[in-house]
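Enquirer: Okay, here's the prediction I keep looking at, along with the sequence it came from:
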Amino acid sequence: MLDIKLLRKEHALIEKKLKTKDSEISLTPILEMDHRLRELKTKVENLKAQRNEYSQKIGELKRQGKDASEIMQKVSGMIDEIKQLDHEVAPLEEIFLFEMSKLPNIPMDDIKVSDTPADNVVVKEVGKKPHFDFPFKNHLELNEGLNLFDFKRGAKISGTGWPVYRGMGARLEWALINYMIGIHIKNGFEQWMTPLLVRRDTVYQSGQLPKFENQQFKIHDEDYQLYLIPTAEVPLNGMHSDEIIPNEQLPLKYIAYSPCFRREAGAAGSQERGLIRTHQFNKVEMFCFTKPEESEKIFDEMMASAEEILQGLGLHYRNMLLVTGDMSFASARTIDIEAWLPGQNRYYEVSSVSNCTDYQSRRSHIRYKDKEDKAEFVHTLNGSGLATSRLMVALLENNQNADGSVNIPAVLQPYLGVSKLTPNPAACACK
C-alpha cells in the first residue's frame, strides 16, 4: 500500500512513476475520493465536537433547573446528521481502500523505464555456457532413461502441471532443498516452517490480492476460506502483521521451505513442457524485515546467498535488473537470477530478489521504533533461494553425458551417496 500523504504531495511525479509499471493508472479518481472523505470526516468531527459542547450546556442548564429543550433538539438533529454522514463515509472509504490496494509499488529512481522484458539489464554474468560434443538432450529426453519424475501419473491423480517425483528424482529434489537451507543458515538466516493454507487477509497483506485473485488456489466451504500459498513469502510476511518489532531485533532474516501453488502453469509450446512451469513446485524462500536505511545492504546479502548456491552447483547464470514494466506488483527493485538451460536454449529465472520497501508493511501494519521512538514502517524484502523445479532442469541438462547419464555436483553427493545418475531401464514406468 502506498502512502496517501505522498500521493497528495507529489501527485504528478508518483503518477508518472506508476505509469511505468501500468500505463492505465490514474491517481485523479483516488485523490478525489480522498478529498471527499477528508471533507466528510472533518464535518463529522466538527459536529461531534459541537454535540459534546452542547451536551455540556444541557447538563449545566438542567443542574440550574433551566429549560434545555431547544439545545436538546439541536443535538438530536446533529446525531441524525452524524449517522447520515457515517453511512456515506463507510462505503466510500471501502471503495477508496480497494482502489489504493490496486496501485503497485513505486519503482526506484534508477530502474530502467520499459514495458518489455527484452530491455532488462544484465548486471552480472557468472561462468560460461557448457559445450557439448554430442547431441545433447532436454530434461524430458534425459528422464526417459533416468526415470526421475512421472508426468503421466501426476496427470492421472491431479491433472496436467502436477509432476510426480520418483526414486533418485525425489532424492535429488530433497538434496537440493537441504543444500540450499544449509547455505542460508550459514549466512545468518533463521529457518521457519509455515502453514501452507492462509487467510485471505494474509494473502492481501503481501500484495497478492486483489490483483492476482485469479492466480490463487483456494478452498471455500462452510468452515474454511483459505488460500494455498503461492510462495512462503506470504505467511512469512503475515507472521508479524500488526506488530512493532523491537529496534534491536532488526534485521530479521528468515527462510522457509514450502511447496508453492499457482494457477498460472501451462503456457503453450515445447519450451514450457515438463518442469519449466508447473502448478506446484518446491522453493526455499528468503524474507527479511529491516530498517529502511539498511534495506539495500540486506538486498545485497540475499543476492549473495542465492548466488552462492548456484556457484556451489557450478551452474552458469546471469543477474538481470528488471525494467519497470517487468517488476512484480509489490516490488520497488527486482533482480532475477537466470540459469542457462541448454535443452531450452535460453535462460530461465531460478531466483527473484525484490526490495518491497514499506509497501507490504503498510498493508500489514508492521513497524519499528526509530531513534526518536516514533513508530515507522519497516522495509520488507523477499527472494527465491531457490526454486527447485527449474534448478533441477539446469542440473540435468548442464551436467549430462553422451550416454544419457548425469554428473552430480560435489556439494550434493553427500546427500545422495552417488556421483552420477545413470540410465536404469529396469526402473521404467509400468505400461
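Expert: Nice, thanks for sending it over.
Enquirer: which SS class is the most far-flung residue of the chain relative to its centre?
Expert: Distance to the chain centre peaks in the chain at G65, reaching 66.2 Å (criterion: Cα atoms, centre = their mean). Three-state assignment for G65 (DSSP: H, G, I helix; E, B strand; the rest coil): coil.
Enquirer: now do V284
Expert: Assignment for V284 (three-state DSSP): strand.
Enquirer: what's the answer for the one 5 residues further on, then?
Expert: Secondary structure state of F289, per three-state DSSP, is strand.
Enquirer: close enough to count as contact, it and L252?
Expert: Yes. When contacts are counted by Cβ atoms under 8 Å, F289 is listed as touching L252 (4.3 Å). The C-beta positions use only the backbone N, C-alpha and C, and glycine is treated the same way.
Enquirer: who touches both of those two?
Expert: 240, 245 (Cβ atoms under 8 Å, 6 or more residues apart in numbering).
Enquirer: if you count what's nearby, which of these two comes out ahead?
Expert: F289 (26 against 18; other Cβ atoms under 10 Å).
Enquirer: any idea how far T28 is from the more buried one?
Expert: 34 Å (Cβ to Cβ, to the nearest Å).
Enquirer: One more: E243?
Expert: From E243 to T28 the distance is 35 Å (Cβ to Cβ).
Enquirer: Between those two, which has more neighbouring residues?
Expert: E243 (14 against 9).
Enquirer: Tell me what the more buried one is bridged to.
Expert: Listed beta-bridge partners, E243: I366 (assigned using DSSP bridges).
Enquirer: Please report the distance of it from D373.
Expert: 16 Å.
Enquirer: same thing with C288?
Expert: In terms of Cβ to Cβ, C288 sits 23 Å off from D373.
Enquirer: Among the two, which residue is more densely surrounded?
Expert: Neighbour tally, C288 and D373, criterion other Cβ under 10 Å: the higher count belongs to C288, 25 against 7.
Enquirer: For the helix or strand where Y204 lies, name the packing helices and strands.
Expert: Assigning secondary structure by DSSP states H and E places Y204 in helix 200-205. When contacts are defined as 3 or more Cβ pairs under 8 Å, 6 or more residues apart in numbering; DSSP states H and E, helix 200-205 sits against strand 225-228, helix 233-238, helix 359-364.
Enquirer: switch to 10 Å and redo it
Expert: In terms of contact count using 3 or more Cβ pairs under 10 Å, 6 or more residues apart in numbering; DSSP states H and E, helix 200-205 is assigned the packing partners strand 218-220, strand 225-228, helix 233-238, helix 359-364.
Enquirer: Between these, which one is closest to D119.
Expert: Evaluated with Cβ to Cβ, these place helix 359-364 nearest to D119, the distance being 23.2 Å.
Enquirer: Would you mind listing the buried residues in that closest one?
Expert: 359-364 (16 or more other Cβ atoms under 10 Å).
Enquirer: try stretch 120-140
Expert: In stretch 120-140, counting by 16+ other Cβ under 10 Å, buried: 120, 136-140.
Enquirer: out of those, which are inside helices?
Expert: 139-140 (DSSP state H).
Enquirer: Of the buried residues of stretch 120-140, which pair is most distant in space?
Expert: Applying Cβ to Cβ across these, the maximum distance is between N120 and K137, 28.7 Å.
Enquirer: tell me, what residue is most central in this structure?
Expert: Central residue of the chain (Cα atoms, centre = their mean): E233, at 5.4 Å.
Enquirer: measure the residue lying closest to S241 once chain neighbours are set aside to T194 for me?
Expert: Closest residue to S241 apart from its sequence neighbours, by Cβ to Cβ, 6 or more residues apart in numbering: S364 at 4.2 Å. Remark: distance between S364 and T194 (Cβ to Cβ) = 15 Å.
Enquirer: could you point out where the protein is predicted with low confidence?
Expert: Applying pLDDT under 70 to the chain flags the ranges 265-272, 425-431.
Enquirer: all helices of it, in order?
Expert: Counting by DSSP H, the helices of the chain are 4-9, 11-19, 28-63, 69-101, 139-146, 151-157, 167-186, 200-205, 233-238, 295-313, 359-364, 388-398, 413-416.
Enquirer: So G404 sits against T422, correct?
Expert: Yes. Counting by Cβ atoms under 10 Å, G404 touches T422, with 7.9 Å between them.
Enquirer: okay, and the common contacts of those two?
Expert: 145-146 (Cβ atoms under 10 Å, 6 or more residues apart in numbering).
Enquirer: Neighbours of the closest residue to K74 other than its chain neighbours, how many?
Expert: Once flanking residues are discounted, K74 sits nearest to Y54: 6.1 Å by Cβ to Cβ, 6+ apart. By other Cβ under 10 Å, the residues close to Y54 number 16.
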